[in-house]
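Student: Sharing a sequence plus its predicted fold:
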Amino acid sequence: MNKQVISKEKIIEISKEMIAQDGFNSISIRSIAEKGNVSIGVIYNYFQNKDEILMATIEAIFKEIGKELLLNDDISFIKMVNDIFNTFKNGSNKYPNFFSLHTLMISSNERQKGREVMNDYFKELKKHLLKCLNNDLDVNQSIFNNLDKEKYVDFVFTNILSLLINHENNCEVLLFSIKHTIY
């Protein structure tokens, strides 16, 4: 008989491993139970359905991918842009198509919650980018007499995501544009 003990965190870890290895389509209550060596009922003790598992897993992946990004306050704006791109790129390599597929894999009635998790995470990153922009002594601050900093950060962040969705290998063009616009 299977040992019927597993934690919520372990279920999320198993889900992350399965997404990394076989993509979002590999996730099911049955497959997680099999990999965790527990019954399906044990999974239901922690999650009502597959969507809840996916939501918790998506949130955990976002936290894993970006945990280092929010730790460094003393960094130039352009370096932070490069770090965000490279961190997300590495995360996309570990979790293929994560940034383009994660909300699509949740049923339509739960999709809004998935977007909220993503938007909350992105909002934190944008606040951090804005802080880096404000603290970067090399930035020509007079540029922002006619340009809203928050809109500029949104523009840059949107371009980072666009590069990732288009599977670009680097963000050199974006960095070049930033360097020649605000420095």
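Tutor: Nice, thanks for sending it over.
Student: Tell me which helix or strand the nearest residue to E150 once chain neighbours are set aside sits in.
Tutor: Spatial nearest neighbour of E150, chain neighbours left out: L130 (6.3 Å); criterion: CB to CB, 6 or more residues apart in numbering. Every C-beta, even on glycine, is put in place using the N, C-alpha and C of the backbone. Assessed by DSSP states H and E, L130 sits inside helix 108-135.
Student: distance between that helix and the chain's centre?
Tutor: The chain centroid and the centroid of helix 108-135 are separated by 9 Å under CA atoms, centre = their mean, to the nearest Å.
Student: same check, this time on stretch 77-95
Tutor: In this view, stretch 77-95 has its centroid 10 Å away from the chain centroid, taken as CA atoms, centre = their mean.
Student: Pick out the least confidently modelled helix or strand of this structure, by mean pLDDT.
Tutor: Across the helices and strands of the chain, mean confidence by mean pLDDT, DSSP states H and E is lowest for helix 98-101: a mean of 67.
Student: rewinding a little: mind listing what's buried in the following helix or strand past the helix holding L130?
Tutor: Proceeding N to C from helix 108-135, the next assigned helix or strand is helix 149-165, under DSSP H and E. Neighbour-count burial for helix 149-165 flags K149, Y152, V153, V156, F157, N159, I160, L163, L164 (criterion: 16 or more other CB atoms under 10 Å).
Student: Same list as before, these that is, but in CSV and with distance to D74 and pLDDT included.
Tutor: Formatted as CSV, these follow (distance: CB to CB, whole Å; pLDDT from 0 to 100):
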residue, distance to D74, pLDDT
K149, 19, 98
Y152, 21, 98
V153, 18, 98
V156, 19, 98
F157, 20, 97
N159, 24, 97
I160, 21, 95
L163, 25, 93
L164, 25, 88
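Student: Including distance to I40, could the residues you listed go into CSV?
Tutor: Below are those laid out as CSV (distance: CB to CB, whole Å):
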residue, distance to I40
K149, 51
Y152, 50
V153, 45
V156, 45
F157, 40
N159, 44
I160, 40
L163, 40
L164, 35
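Student: which of the residues you listed lies closest to K179?
Tutor: Distance to K179, by CB to CB, is smallest for V156 among the buried residues of helix 149-165, at 12.0 Å.
Student: Give the closest residue to that closest one in space, chain neighbours not counted.
Tutor: V81 (6.0 Å).
Student: OK, contacts around the residue nearest the centre of the chain?
Tutor: Geometric centre of the chain, nearest residue: F62, 3.6 Å, by CA atoms, centre = their mean. Contacts for F62 (CB atoms under 8 Å, 6 or more residues apart in numbering) come out as V117, M118, Y121.
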